[in-house]
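[1] sequence and computational prediction follow.
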Amino acid sequence: MKIRQPQQEFYGVNVIPIVDMMTILLIFFMLTTRFANIERDVRVHPPASRDARPITEIPLEIVVNVTRDGAFVIASRQYTIEEVDSLLEAAVKKDPGQRVIIRGDQDAILQFAVNILDLCEKNGIENTFLTTRKPGT
């Protein structure tokens, strides 16, 4: 006759599957997340605004930095107004929903930023944004 041995009861939680799942999720999010590369020209200091909010989505747009002396800087390269016009024209042909962010220096003449807004309107770009910063930053 076979004698049954008493079964030991398990009083713990098996955490290995949880650790495996968390590792898989971490790898998934690291591979699928694009890291924001917000273009910042150190020579441009946007004006302050109480309602300024951080950019929360990944930019897929052209960032035009307008310096205080009226230079237009895109992707760390200085452009003339004519070059910006042709760049915007080519961009809107590639993507009709093209977005443009204008980062004007707080000491820049407003007309420089308005010139970029005019170019956006001329090329049919409706998604244009002006950036500001929170006071004290």
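    Noted; the coordinates are in hand. Small disclaimer: the values here were computed from a predicted structure and weren't measured.
[2] so which helix or strand takes in F129?
    strand 127-130 (DSSP states H and E).
[3] before we move on, what about V64?
    Judged by DSSP H and E, V64 forms part of strand 62-66.
[4] distance between that strand and the chain's centre?
    13 Å (C-alpha atoms, centre = their mean, to the nearest Å).
[5] direction included, what does the very next helix or strand once past it pair up with?
    Proceeding N to C from strand 62-66, the next assigned helix or strand is strand 72-74, under DSSP H and E. Sheet pairing of strand 72-74 (DSSP bridges) gives strand 62-66 (antiparallel), strand 77-79 (antiparallel).
[6] quick one: the helix or strand that the shortest one is followed by to strand 62-66, angle?
    Spelled out, that is strand 77-79. Remark: after strand 77-79, the chain's next helix or strand is helix 81-94, criterion DSSP H and E. Interaxial angle, helix 81-94 versus strand 62-66 (axes from the mean of the first three to the mean of the last three C-alpha atoms, to 10 degrees): 160 degrees.
[7] name the helices or strands packed onto the following helix or strand past helix 81-94?
    Past helix 81-94, further along toward the C-terminus, the next helix or strand under DSSP H and E is strand 99-104. With contacts taken as 3 or more C-beta pairs under 8 Å, 6 or more residues apart in numbering; DSSP states H and E, strand 99-104 sits against strand 62-66, helix 110-122, strand 127-130. In short, each C-beta sits where N, CA and C put it, glycine included.
[8] quick one: contacts of the shortest one?
    Right, the one you point to is strand 127-130. Strand 127-130 has contacts (C-beta atoms under 8 Å, 6 or more residues apart in numbering) with E61, G97, Q98, R99, V100, I101, I102, G104, A113, L117, C120.
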